[in-house]
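Trainee: A predicted structure for the sequence below; I have some questions about it.
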Amino acid sequence: MELRTAIHWIGAALLAGVSCAASAQSDYPSRAVRIVVPSSPGGGTDILTRLLTPQLTERLRQQVVVDNRPGAGSIIGNELVAKAAPDGYTLLMGISTLAILPAMHKKLSYDALQDLAPITQAIAAPNVLVVHPSLPVRSVKELIAFARKRPGDLSYASAGLGSNPHLTMELFLNMAKVKMVHVPYKGLGPAIIDLVAGHVVVATATMLTGLPQIRAGRLRGLGVTGAVRSSVLPDLPTIAEGGVAGYEAGQWYGLFAPARTPRNVINRLHAAMAGALQASSIKEKMASDGVEPVGSTPEEFSRYLRAETVKWGKVVQAAGMTAR
């Protein structure tokens, strides 16, 4: 009798636990949701996330807040989310650097393919090759010629070692056969500040960070990194058109949760983000900024992340970068 009673109470406790967990998931979210941005304020990731958070707050009916965690080329922010509780309250606005870092570092404290759950790719966008106006060049060909006469004299800024702006620039230097000095920053925001100030003279910037500076005349655009010209900079050639045949690179941003986050929570977040991306105000703003909303399914985004990891691994290897 005592054994039967014990089994009865154990079973009841387990059922209660399952019931509470299911109830908590069905009530998601019941408090504020945090989106970690793995870079400094003012960069493309930060700008995009802050653009979307009011829409996400409206759709989730809970406050969605931005938490900037810059450093180590986005590793600090990525790691924080990869190791967070899989409950949907700590998310990551990941960037294409996620697919680059595994080739740059022999030992990472997390595995993006195993420790993060893709929710949706938010946007896709080309980068733009920009220079400080003091540099006497007005085209990709002129920059290449100028740099070849001064090997190692010019400095270029990036969002950090292994970041997408770093790799897109290294790909350019490799294919153009020129040398410049890399100056990494803790995010593209501070990198662009120093570029505008003239402390460095070249960068590949995201459209979100580079376009306002080009429009204001504080930076000069030389070419876009995508396969086709940007609708917001139609007179600016692609880098391939500018003289580096075959060059193509881009930037993407996407929402992630920690692995093992319940599927119904993932679905809730996907629906909220997909809805936000389709809001007319968001679509108009993105069109004016030269970026394209995506809103892919979790499965599509997962396949894309794996393909990007293979692609950029080959670029790192071809560039002869030493993994750490």
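Mentor: Okay, I see it.

Trainee: So which residues of this protein form strands?
Mentor: Secondary structure of the chain (DSSP state E): strands at 33-37, 64-68, 90-95, 116-125, 127-131, 155-158, 181-184, 202-206, 220-224, 251-258, 292-293.

Trainee: Would you mind measuring the gap between the ends of stretch 237-246?
Mentor: Stretch 237-246 has an end-to-end distance of 13 Å (C-alpha to C-alpha, to the nearest Å).

Trainee: Let me have the strands of the chain in a markdown table, adding distance to residue 49 as columns.
Mentor: C-beta here means a position set from N, CA and C on the backbone, and glycine is covered the same way. Below are these laid out as a markdown table (distance: least, C-beta to C-beta, whole Å):
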| stretch | distance to residue 49 |
| --- | --- |
| strand 33-37 | 5 |
| strand 64-68 | 5 |
| strand 90-95 | 5 |
| strand 116-125 | 9 |
| strand 127-131 | 18 |
| strand 155-158 | 20 |
| strand 181-184 | 22 |
| strand 202-206 | 13 |
| strand 220-224 | 23 |
| strand 251-258 | 8 |
| strand 292-293 | 14 |
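
Trainee: taking the ones you listed together, which one is wrapped up most tightly?
Mentor: Burial among the strands of the chain, expressed as mean neighbours by mean count of other C-beta atoms under 10 Å, is greatest for strand 202-206, which shows a mean of 30.

Trainee: pLDDT averaged over it - what is it?
Mentor: The average pLDDT for strand 202-206 rounds to 94.

Trainee: for that strand, packing partners?
Mentor: Counting by 3 or more C-beta pairs under 8 Å, 6 or more residues apart in numbering; DSSP states H and E, the packing neighbours recorded for strand 202-206 are strand 127-131, strand 155-158, helix 164-176, helix 188-197.

Trainee: Between those, which one is closest to residue 263.
Mentor: Among these, helix 164-176 comes nearest to residue 263, with 29.4 Å by C-beta to C-beta.

Trainee: As CSV, could you dump the C-alpha coordinates of that closest one?
Mentor: What follows is helix 164-176, C-alpha atoms only, in CSV (Å, rounded to 0.1, in the frame of the first residue of the first chain):
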residue,chain,number,x,y,z
ASN,A,164,31.3,40.3,-41.9
PRO,A,165,32.8,43.8,-42.7
HIS,A,166,36.3,42.3,-42.0
LEU,A,167,35.8,39.3,-44.3
THR,A,168,34.2,41.3,-47.1
MET,A,169,37.1,43.7,-47.0
GLU,A,170,39.7,40.9,-46.9
LEU,A,171,37.9,39.2,-49.9
PHE,A,172,38.2,42.5,-51.7
LEU,A,173,41.9,43.0,-50.9
ASN,A,174,42.7,39.4,-51.9
MET,A,175,40.9,39.6,-55.2
ALA,A,176,42.2,43.1,-56.0
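
Trainee: show me where the protein has helices.
Mentor: Using DSSP state H, the helices of the chain run over 2-26, 44-60, 75-82, 101-104, 112-115, 140-148, 164-176, 188-197, 207-215, 263-278, 280-289, 298-319.

Trainee: Poorly predicted segments of the stretch 1-150 of the chain, please.
Mentor: Applying pLDDT under 70 to the stretch 1-150 of the chain picks out residues 1-26.

Trainee: quick one, which of the strands of the chain is nearest to residue 311?
Mentor: Nearest of those (C-beta to C-beta): strand 251-258, 11.8 Å.

Trainee: Starting from that closest one, tell me which strands it pairs with and how they run.
Mentor: Partner strands and pairing direction for strand 251-258 (DSSP bridges) are strand 90-95 (antiparallel), strand 116-125 (antiparallel).

Trainee: got the contact list for the most centrally placed residue in the chain?
Mentor: In the chain, the centroid-proximal residue (C-alpha atoms, centre = their mean) is residue 95; its distance is 1.6 Å. For residue 95, the contacting residues are 38, 39, 44, 45, 74, 163, 164, 251, 252, 253, 254, by C-beta atoms under 8 Å, 6 or more residues apart in numbering.
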